[in-house]
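A.B. asks: the following block contains a protein sequence and its predicted model.
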Amino acid sequence: MDITSEIAAARASILSRIADAARVSGRAVEAVSLVAVSKQQPDERIDAMLATAQRDFGENRVQEAQARWAERKTQFSDLRLRLIGPLQSNKALDAVRLFDAIDSLDRPKLAAALADAAQKAGRCPELLIQLNTGEEGQKAGIAPGEADAFINQAREAYNLPIAGLMCIPPADEAPAMHFALLAKIAARNGLRELSMGMSDDFETAIRFGATQVRVGSALFGARG
Ligand SMILES: *Cc1c(COP(=O)(O)O)cnc(C)c1O
């Protein structure tokens, strides 16, 4: 199989697994969107994915995303780029200009920088707050116990358009309780978007209410 058919087949397979997982959970198939995580993937796989109807893409670094997408964004006006990795405050303006959504808002200083950048840019991407559901020392994100206060602060003090929550469960734990916790915190704060689930656990995430799953290697193959 050539790369174009290979990528199209991989996407069709993931979409059908998403549909099955939604159906068994009694959820509408359209309630779950697929974010194709294109970080560290070669151009030929990106272009093969763009030959399908896939338009939501996730990247974890601002500079890498600029290099990969600046030109392609002008060719595909319906692209939706999401930043799913950590953002330094001094790159907030670049990120606000490039991305349609930033899923990794994880601290007050960044909320302030994003509010400032949005004013300068005259636009604000959709924002998701990243929670560190496993309270891991090395991982970014707001601790679950501080989530309600931070969501309020981001909305009220910084006037930011917070659409939902994102999490990356600890690698060595069953993800279900982390997904359940994220869903519970989102529900009590009236947040609709839940970005959770990756190649190995997106079906579980869908059972717990994911509205976006972030799939990289299962779609594109192993990263280079
Ligand atoms: C890389 C990455 C993914 C995709 O991981 P796969 O296991 O390749 O599907 C999802 N979310 C985040 C935040 C990532 O950094």
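C.D. replies: Received the coordinates, thanks.
A.B. asks: show me the helices in the chain, by range?
C.D. replies: Remark: helices assigned in the chain by DSSP state H are 3-24, 43-50, 62-75, 92-98, 108-121, 147-152, 176-188, 202-207, 217-220.
A.B. asks: contacts for the longest one, please.
C.D. replies: For helix 3-24, contacts defined as CB atoms under 8 Å, 6 or more residues apart in numbering pick out 1, 28-29, 31-32, 34, 36, 44-45, 48-49, 51-52, 54, 202-203, 206-207, 213, 215, 218-221. C-beta here means a position set from N, CA and C on the backbone, and glycine is covered the same way.
A.B. asks: return the residues of the chain in contact with the ligand.
C.D. replies: Residues of the chain lying near the ligand by CB under 6 Å from any ligand atom: 37, 39, 60, 84-85, 168, 198-199, 214-218.
A.B. asks: same list (the residues you listed) but as TSV, adding distance to residue 142.
C.D. replies: Output for the residues of the chain next to the ligand, formatted as TSV (distance: CB to CB, whole Å):
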residue	distance to residue 142
37	22
39	23
60	18
84	16
85	16
168	13
198	20
199	25
214	18
215	24
216	24
217	27
218	28
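A.B. asks: please name the residues that touch residue 143.
C.D. replies: Contacts for residue 143 (CB under 8 Å, 6+ apart) come out as 131, 132, 135.
A.B. asks: hmm, residue 113 and residue 105 touching each other?
C.D. replies: No: between residue 105 and residue 113 there is no contact under CB atoms under 8 Å: 10.0 Å.
A.B. asks: of the two, which one has the most company?
C.D. replies: residue 105 (27 against 22; other CB atoms under 10 Å).
A.B. asks: quick one: residues contacting that one.
C.D. replies: Residue 105 is in contact with 87, 111, 114, 127, 128, 129, 130, 154, 160, 162, counting by CB under 8 Å, 6+ apart.
A.B. asks: cool, residue 61 as well?
C.D. replies: Per CB under 8 Å, 6+ apart, neighbours of residue 61: 39, 85.
A.B. asks: mind checking how far it is from residue 104?
C.D. replies: For residue 61, the distance to residue 104 equals 11 Å [CB to CB, to the nearest Å].
A.B. asks: now do the shared contacts for those two.
C.D. replies: residue 85.
A.B. asks: if we can go back for a sec, so which of the contacts of residue 143 belong to strands?
C.D. replies: Counting by DSSP state E, the contacts of residue 143 place residue 131 in strands.
A.B. asks: out of the contacts of residue 143, which is most surrounded?
C.D. replies: Going by other CB under 10 Å, residue 131 tops the contacts of residue 143 with 27 neighbours.
A.B. asks: is that residue in a bridge, and if so with what?
C.D. replies: Counting by DSSP bridges, residue 131 forms beta bridges with residue 142, residue 167.
A.B. asks: touching, it and residue 165? I think so.
C.D. replies: Yes: at 5.7 Å, residue 131 counts as touching residue 165 under the criterion of CB under 8 Å.
A.B. asks: residues shared between the contacts of those two?
C.D. replies: 147, 182, 185.
A.B. asks: filter the contacts of helix 3-24 down to the buried ones.
C.D. replies: Buried by 16 or more other CB atoms under 10 Å: 32, 34, 36, 45, 48-49, 52, 54, 202-203, 206-207, 213, 215, 218-220, out of the contacts of helix 3-24.
A.B. asks: which of the helices of the chain sits most buried?
C.D. replies: helix 202-207 (a mean of 22; mean count of other CB atoms under 10 Å).
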